[in-house]
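J.: mind looking at a prediction? Sequence and model below.
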Amino acid sequence: MSEFLNMGGYAVYVWSSYGLAALILWLNWYLPRRQHQQLLQQNKRRRHGTGE
Amino acid sequence: MFLWFHKFGSPPHFYRIAGKWLPWLGVTFGLLLIAGLYGGLIYAPADYQQGESFRIIYIHVPAAWMSLFVYMVMAFCGVVIIVWRMKLAEVVLISSAPIGASFTFLALATGSLWGKPMWGAWWVWDARLTSELILLFLYLGVIGLHSAIDDKRIASRAVAILAIVGVVNIPIIHYSVEWWNTLHQGPTVTKFDKPSIDMRMLIPLLIMALAFKIYYVMALFQSCRAELLRRERNSKWVEELSGSN
Amino acid sequence: MTPARKKRLVLIGLMLAGIGIGLTFALKALDENIMFFFTPTEVAQGKAPINKLFRLGGMVVDGSVSRPGDGLTVQFDLTDNGEQVTVRYTGILPDLFREGQGIIANGKIGDDGNFIAQEVLAKHDENYMPPEIAEAMKKASEAKASVN
């Protein structure tokens, strides 16, 4: 296991590459999703605020 | 065919379809990612020259391919915007830009992390690296231009032109390693004769590339849904949507 | 397709063709500057700049690597299978540096005609394979060479 994590001495380079990829993939999924939910809520509030 | 195109292009229809596809895309991406990571980190043997450091390839190459692919999608949308004035193409174009920019950044950053131990330098100004950096600036230009113009329909047309013009950079990136002397090595997988990479190393690479493609569709749908809601705030279908839940 | 749409499509085509042609000429003109390195043959032909830093690329000749003097300085020959240039360098070599490896050195030609490098980069090839297959391939080509 520790041999696997060590990546033949290149641990810093390999794992920071994979970590950076994980961060970027997560951000591109999470940010639009949060925005989408906020917009849905805004619309709901707007509708209930002015509609009735 | 044209009818289908027309229907798919209508914002409420696309919004619904995208919402339905999202969970399935998520599951497919998850499975491919697990397979690709297992293949890349455990199944594939270490390289004869580069040892374990070559495993960065499973992030670097799929990210670099995506950076080119997403740009070509954007340029295609650009043509559709200018010629057919299609609203959905505007949404797809601007939603693709941040995703493409992040993949380009990822390709550059992992390339740097790979270049330092192998080449001995984080960065060199050779033709491949420079043209990929220009691609990043093109993406950022698209994002900046779009946010600088308030009227989103005008902004979309401006951005469409920029996306179309920038597409000339794509063949330059691809062929840079053949046209000029570069530090970056030549193509491995897309050579005309058989790819010069061992099968056990190639298969995880292709799986990861497919996983990234599915991820792009997933992130794109997610971001298009948000952009559609924002743009069509005052239209009937959005009001019905917020009324129903 | 309506005439208006056709016209816009043709305009896009013309625009791209124009930019493409312009860019081709621009890149052709800049060709020398885009080239990342010179080869030993180009140096022998006098194409490389004199008294100015430039990059030299080639393969490290088998058996040419030596460490004269204090052991920090390394000396080796670079070849492109035509000409050869001797390179001297003091500093840390990249992990991939070895005999037979593609190398790019940045520096200039010294008074003794040798290339004095300030920086050495390794250029790896586009082949990826496990060590045992590389070993087998090397043996196979050696066997072939000894038959001939």
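T.: Thanks, I have the structure now. Residues are numbered from 1 along each chain as shown, chains lettered A, B, ... in the order given.
J.: show me where chain A has helices.
T.: Applying DSSP state H to chain A gives helices spanning A:2-6, A:11-51.
J.: how about low-confidence regions in the chain?
T.: In the absence of a named chain, this looks at chain A. Scanning chain A for pLDDT under 70 picks out A:49-52.
J.: wrong one, I was asking about chain B
T.: B:1-8, B:190-195, B:242-245.
J.: about what we covered before: want to throw the helices of chain A into CSV with distance to chain B?
T.: Bear in mind the C-beta positions are built from the backbone N, C-alpha and C, glycine included. CSV is the format used below for these (distance: least, C-beta to the nearest C-beta, whole Å):
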stretch, distance to chain B
helix A:2-6, 8
helix A:11-51, 4
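J.: among the ones you listed, which is the most enclosed?
T.: Of all the helices of chain A, helix A:11-51 carries the top mean neighbour count, a mean of 15, counting by mean count of other C-beta atoms under 10 Å in any protein chain shown.
J.: show me what that helix is packed up against.
T.: For helix A:11-51, the contact count by 3 or more C-beta pairs under 8 Å, 6 or more residues apart in numbering or on different chains; DSSP states H and E identifies helix B:57-84, helix B:87-118, helix B:199-231, helix B:236-244 as packing neighbours.
J.: how about TSV for these, with distance to A:Val12 and mean neighbour count added?
T.: Output for these, formatted as TSV (distance: least, C-beta to C-beta, whole Å; neighbours: other C-beta atoms under 10 Å in any protein chain shown):
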stretch	distance to A:Val12	mean neighbour count
helix B:57-84	15	22
helix B:87-118	8	23
helix B:199-231	21	21
helix B:236-244	48	14
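J.: rebuild those as TSV, extending it with distance to C:Leu14.
T.: As requested, those are arranged in TSV below (distance: least, C-beta to C-beta, whole Å):
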stretch	distance to C:Leu14
helix B:57-84	13
helix B:87-118	21
helix B:199-231	30
helix B:236-244	38
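J.: columns distance to chain A on top of these, output as JSON lines?
T.: As requested, these are exported to JSON lines (distance: least, C-beta to the nearest C-beta, whole Å):
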{"stretch": "helix B:57-84", "distance to chain A": "5"}
{"stretch": "helix B:87-118", "distance to chain A": "4"}
{"stretch": "helix B:199-231", "distance to chain A": "4"}
{"stretch": "helix B:236-244", "distance to chain A": "4"}
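J.: for C:Lys123, find the nearest of those.
T.: Among those, the nearest to C:Lys123 by C-beta to C-beta is helix B:87-118 (9.3 Å).
J.: longest helix of chain C?
T.: Criterion DSSP H: the longest helix present in chain C is helix C:3-29.
J.: show me what it is packed up against.
T.: Counting contacts by 3+ C-beta pairs under 8 Å, 6+ apart, helix C:3-29 is packed against helix B:57-84, helix B:152-166.
J.: now A:Gly8: how far from chain C?
T.: Using C-beta to the nearest C-beta, to the nearest Å, we find A:Gly8 at a distance of 10 Å from chain C.
J.: can you tell me the closest non-neighbouring residue to that residue?
T.: Nearest residue to A:Gly8 in three dimensions, chain neighbours excluded: B:Glu52, at 3.6 Å (C-beta to C-beta, 6 or more residues apart in numbering or on different chains).
J.: surely that neighbour meets B:Ile42?
T.: No: counting by C-beta atoms under 8 Å, B:Glu52 does not reach B:Ile42; the two are 11.4 Å apart.
J.: count the residues that sit near the spatially closest residue to B:Trp114 that is not a sequence neighbour.
T.: Nearest residue to B:Trp114, sequence neighbours excluded (C-beta to C-beta, 6+ apart): B:Ile56, at 4.4 Å. Around B:Ile56 there are 27 other residues, counting by other C-beta atoms under 10 Å in any protein chain shown.
J.: where's B:Ile56 relative to B:Ala64, distance?
T.: 11 Å (C-beta to C-beta, to the nearest Å).
J.: quick one: secondary structure of C:Gly57?
T.: Following DSSP: H, G, I helix; E, B strand; the rest coil, the label given to C:Gly57 is strand.
J.: so for it, what's the nearest residue that isn't a sequence neighbour?
T.: Among residues not flanking C:Gly57 along the chain, C:Phe37 sits closest, at 3.6 Å (C-beta to C-beta, 6+ apart).
J.: I'd say the one you found and C:Leu56 touch.
T.: Yes: judged on C-beta under 8 Å, C:Phe37 makes contact with C:Leu56 at a distance of 6.1 Å.
J.: which one's more surrounded, these two?
T.: C:Leu56 (25 against 22).
J.: so the more buried one versus B:Asp126, what's the distance?
T.: The gap separating C:Leu56 from B:Asp126 is 14 Å, by C-beta to C-beta.
J.: one step back: how about the helices and strands packed on helix C:3-29 in TSV, adding distance to C:Ala105?
T.: Below are these laid out as TSV (distance: least, C-beta to C-beta, whole Å):
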stretch	distance to C:Ala105
helix B:57-84	25
helix B:152-166	35
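J.: so which of these gets nearest C:Leu93?
T.: The minimum distance between C:Leu93 and the helices and strands packed on helix C:3-29 falls on helix B:57-84, with 22.9 Å, by C-beta to C-beta.
J.: who are the packing partners of that closest one?
T.: Contacts defined by 3+ C-beta pairs under 8 Å, 6+ apart place helix B:57-84 against helix A:11-51, helix B:87-118, helix B:127-148, helix B:152-166, helix B:169-179, helix B:199-231, helix C:3-29.
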